[in-house]
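**Q** how would this look folded up:
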Amino acid sequence: MTSTLQLHAVSLRVADLARSLKFYVGQLGFVAVESTPTSAALATSPGGPALLTLIEDRSAQPAPREAAGLFHAALLLPGHAALGAWLRHAVNAGVSFDGFSDHGVSEALYFHDPEGNGLEFYADRPRDAWPFDQAGQLAMGSDPIDLEKLLADAAPANASPLAGARWGHLHLRVTSLDRSDAYYRRTLGLTLMQDSFAGARFLAADGYHHHLGLNIWGRPRQAQPANALGLAEATFARTGPAGDERFTDPDGIHVRLLASPSLP
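**A** Here you go, the predicted structure:
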């Protein structure tokens, strides 16, 4: 299916750029394509587009635990074998994982960066294998992954362990599911794919399982503070004529929407 919307880039505000680079480049396998003393733009392979920008702000403070903000940013790898190869690389690099889930639509690996930002690296299953309930709604679950098989099926080692990867979706903690659901349907043109998880909704374009997850787990009670550490901006790309919009959602989360002639 032709894509009309994708999560294109993520910007994180960090307290310690050197520490973050050691993690993202040295352990995860990103490649620095541009840098200044206080920022770095990272790609998933040499010469690739910048997908992740790290912005150092030593005066910024962590957001309060009860604030809305990033739950995780999810990087989509090219397939099962590529995910297995990256997992092997990550284990050898000393990455610590929070969990592993087979969602039916995908296999997902969860962890955090040194500043507590949630990350998911995942690979999709073929669309014709995605589970749906009797009402026709997507039925993502959360089952264990066979890690031994994932590693056994891994592709050969690559000098660029994230080659071919791009952002797949964004998952946010919000203060109101109804309000955020309506906001992102209106601004990004998303539709509801699943709402059977308590306290969460999953929205997408093009019949994808989700480009955006929303949850109220932990009961966030306030907007993300301006200039807090964590998610600085999320950029989505949408097919269409030239255009560049920036907006702030009801929870203080900054979003950019770029027009693109086509998407992979």
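
**Q** and residue 64, what element?
**A** Per DSSP states H and E, residue 64 falls between elements, in no helix or strand.

**Q** what's near enough to touch it?
**A** Counting by Cβ atoms under 8 Å, 6 or more residues apart in numbering, residue 64 touches 222, 225. Backbone N, C-alpha and C define where each C-beta goes, glycine included.

**Q** go on, residue 240?
**A** With contacts defined as Cβ under 8 Å, 6+ apart, the neighbours of residue 240 are 259, 260.

**Q** Hmm, residue 95 is touching residue 29, no?
**A** No - the criterion here is Cβ atoms under 8 Å, and residue 95 misses it with residue 29 at 9.9 Å.

**Q** And those two? Which one has more around it.
**A** When residue 95 and residue 29 are compared for neighbours, residue 29 comes out ahead with 23 against 19, by other Cβ atoms under 10 Å.

**Q** how close does that one sit to residue 69?
**A** Distance from residue 29 to residue 69, counting by Cβ to Cβ, to the nearest Å: 25 Å.

**Q** Check the model's average confidence along the longest helix seen in the chain for me.
**A** Secondary structure of the chain per DSSP state H: the longest helix is helix 80-93. Average pLDDT, helix 80-93: 98.

**Q** list the helices and strands it packs on?
**A** strand 106-112, strand 118-124, helix 147-152 (3 or more Cβ pairs under 8 Å, 6 or more residues apart in numbering; DSSP states H and E).

**Q** For stretch 116-128, the averaged confidence score.
**A** Here stretch 116-128 scores 98 as its mean pLDDT.

**Q** OK, contacts around the residue nearest to residue 51 when sequence neighbours are not counted?
**A** The shortest distance from residue 51 to any non-neighbouring residue, by Cβ to Cβ, 6 or more residues apart in numbering, is to residue 9 (5.4 Å). Under the criterion of Cβ under 8 Å, 6+ apart, the neighbours of residue 9 are 50, 51, 52, 53, 167, 234, 235.

**Q** go again using 7 Å as the cut-off
**A** Residues near residue 9 by Cβ atoms under 7 Å, 6 or more residues apart in numbering: 50, 51, 53, 235.

**Q** Report the separation between the last one and residue 124.
**A** Applying Cβ to Cβ, the value for residue 235 to residue 124 is 21 Å.
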